[in-house]
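J.: need a structure here:
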Amino acid sequence: GIALASIVLLGARTWPGIWIGSFLLNATQLLAIEGTEVSRAVLVAVGIATGSTLQPLLGARLLERAVAARNPLARTSDVLRFVGLAGVAGCMTSASIGVTSVWLGGFASQAEIAANWLTWWLGDLAGVLLLTPLFLSWSQRVSAQKSQRWLELALCFALVLSAGTFLFSSVPPSPLCSPAAALLLIPFLLWAAFRFGAQETTAVLVVIAGLAVWGTVHHEGPFGLASLHYSRLWLEAFLAVAALIALCTGATVTESRVAQAALRRENDELDVAVRERTRELVQANAALQAEISERKRAEEERRAIEHVLREAQKLESLGVLAGGIAHDFNNILTGVLGNADLAQSTLAPGSSGHARLDEVIRSTRRAAELCNQMLAYSGRGRRVVERLSLNAVVDEVLELLRASISKKAELGLVLAGGLPAVEAD
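T.: Numbers count the residues shown, from 1 in each chain. I've put the predicted structure just below:
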């Protein structure tokens with residue numbers, strides 16, 4: 001597991017260190033066996049070291065081709081590829097080469113090949129599933145949100161240590177000495193996977209693995225069986241299954257958190273877009289209301305102008321009508337005035353008829369002046385501006401007013417004397 005993590009994180013350049021470490025460890029163990037020839041021990045150690053080096057190289061290569069991300073623990077599909085390629089397939093290389101080397105070196109009989117291969121493969125698989133995720137996850141930066149749950153995390157580790165110590169220190173005939181009792185620690189893995197992240201989950205997994213190995217070595221706990229071979233098989237199988245459960249659960253939870261975070265970001269972006277669109281709609285509505293108001297104002301102005309134009313047309317028509325009537329009436333007054341002058345010339349001055357004809361001539365001339373004013377109003381006459389006495393004009397109009405008002409009304413004038421003359425038509 002450490003070898004695979006080093007190659008994934010640091011690259012293939014670390015393989016000489018892996019080979020040398022494996023060679024020295026296995027050569028030392030083989031030479032510790034009494035009666036072992038040095039050359040035979042060295043050759044077997046070379047074969048084991050070669051298999052131990054090829055395993056992480058092959059696993060990292062397969063993992064690189066199958067998983068695009070550097071960390072294969074973020075998604076459930078990547079975890080399954082990691083387990084299948086780097087774990088199951090990669091560990092077969094080391095187990096096959098290692099068991100073959102041990103058998104050829106005479107350290108194992110042919111009958112023990114299958115059992116040794118299974119034990120070797122399970123041990124490497126458990127190491128890959130335990131240690132590689134530990135180093136890969138802790139190579140990532142710790143988020144600030146996780147550090148805020150230190151109290152819950154401390155409680156989780158305390159309970160794991162207490163429960164694990166109690167479980168793996170039990171001795172027969174305790175019911176906790178059954179291999180199935182080891183499943184009691186699975187809820188702690190699920191707790192870490194659901195509440196924390198891959199870093200905390202792998203740490204809890206390694207703590208459980210350490211307690212399980214310690215109890216098995218001392219023949220205590222669920223895997224403290226009489227047969228060392230079966231104890232190792234049960235221990236390695238439990239660790240592999242526990243690691244698979246923890247990694248898959250953690251990856252599922254991580255995917256869910258990433259999806260929720262993405263959904264929150266999309267919701268935030270949608271809220272921003274909605275607010276922006278709402279602001280634009282409000283602005284557009286305000287502009288539309290302003291345009292509607294402007295159009296209403298323009299329509300009112302147009303109607304007012306049309307009304308003024310119609311009134312002007314009415315006044316123009318009235319002026320044309322008044323001009324026509326005044327023109328015709330002026331022609332009639334011309335005949336009246338001419339005949340009155342002729343009739344007055346036949347009468348003696350001072351006679352009553354002569355005086356009455358003076359009044360007729362004066363009234364006719366006043367009517368002619370009104371006709372001229374109507375013609376001037378219609379634009380068909382000419383205006384004559386002269387110096388006039390306002391009192392004289394009022395006196396001339398007085399007779400016309402008396403003829404137009406009710407007989408019950410009395411018309412009285414209070415005229416100021418000595419008024420200056422005005423220039424008017």
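J.: By neighbour count, which bits of the helix or strand containing Phe135 are buried? Give me those.
T.: Assigned by DSSP states H and E, Phe135 belongs to helix 113-138. Buried positions in helix 113-138, judged by neighbour count with 16 or more other Cβ atoms under 10 Å: 116-137. Where C-beta positions appear, they are placed from N, C-alpha and C, glycine not excepted.
J.: again, but for stretch 11-19
T.: Across stretch 11-19, burial judged by 16+ other Cβ under 10 Å covers 14-15, 18-19.
J.: what's around Phe194, how many residues?
T.: 13 (other Cβ atoms under 10 Å).
J.: who does the helix holding Phe135 touch, helix- and strand-wise?
T.: helix 2-10, helix 90-104, helix 198-217, helix 228-345 (3 or more Cβ pairs under 8 Å, 6 or more residues apart in numbering; DSSP states H and E).
J.: rerun at 10 Å
T.: Secondary-structure packing of helix 113-138 (3 or more Cβ pairs under 10 Å, 6 or more residues apart in numbering; DSSP states H and E): helix 2-10, helix 38-66, helix 90-104, helix 198-217, helix 228-345.
J.: Now do the residue nearest to the spatial centre of the chain, the pLDDT please.
T.: Centre of the chain computed as the mean C-alpha position; nearest residue by Cα atoms, centre = their mean is Glu269, 0.7 Å away. Looking at Glu269, its pLDDT reads 92.
J.: same question, Arg380
T.: Reading off the confidence values, Arg380 has pLDDT 61.
J.: same deal with the one 5 residues further on?
T.: At Val385, the predicted lDDT confidence score is 82.
J.: how much space between it and Gly323?
T.: 20 Å (Cβ to Cβ, to the nearest Å).
J.: which intervals of the stretch 201-350 of the chain have sub-threshold pLDDT?
T.: 225-226 (pLDDT under 70).
J.: swap the cut-off to 80 and go again
T.: By pLDDT under 80, the weakly predicted segments of the stretch 201-350 of the chain are 224-229, 312, 315-331, 333, 337, 340-341, 343-345, 347-350.
J.: for stretch 20-32, the distance to its chain's centre please.
T.: 60 Å (Cα atoms, centre = their mean, to the nearest Å).
J.: Sort out which residues of that stretch are buried, please.
T.: The neighbour-count check on stretch 20-32 (16+ other Cβ under 10 Å) flags 22-23, 26-27, 30 as buried.
J.: Kindly report the same for stretch 206-223.
T.: 206-209, 211-213, 215-216, 220-223.
J.: Check these and tell me the two furthest apart.
T.: Val206 and Glu220 (19.5 Å; Cβ to Cβ).
J.: ok so, going back, who has more neighbours out of Val385 and Gly323?
T.: More crowded of Val385 and Gly323, by other Cβ under 10 Å: Gly323, with 19 against 9.
J.: Surely the more buried one is in contact with Met374?
T.: Yes. With contact defined as Cβ atoms under 10 Å, Gly323 counts as touching Met374 (6.5 Å).
J.: list the buried ones in the strand or helix carrying Arg362?
T.: Arg362 belongs to helix 352-377 when assigned by DSSP H and E. By 16+ other Cβ under 10 Å, the buried positions in helix 352-377 come out as 357, 360-361, 363-364, 367-368, 370-377.
J.: Of these, which is the nearest to Gly1?
T.: The closest of the buried residues of helix 352-377 to Gly1 turns out to be Tyr377 (Cβ to Cβ; 116.4 Å).
J.: How much space separates Thr364 from Ala343?
T.: 12 Å.
J.: who touches both of those two?
T.: Residues touching both Thr364 and Ala343 (Cβ atoms under 10 Å, 6 or more residues apart in numbering) are Leu357.
J.: how many neighbours does the nearest residue to Leu211 once chain neighbours are set aside have?
T.: In space, and not counting its chain neighbours, Leu211 is closest to Gly164: 3.8 Å by Cβ to Cβ, 6 or more residues apart in numbering. By other Cβ under 10 Å, the residues close to Gly164 number 24.
J.: Hmm, Val206 and Gly164 touching each other?
T.: No. Counting by Cβ under 10 Å, Gly164 stays clear of Val206, with 11.4 Å between them.
J.: following the helix holding Arg362, which helix or strand shows up next?
T.: Using DSSP H and E, the helix or strand that follows helix 352-377 towards the C-terminus is strand 386-388.
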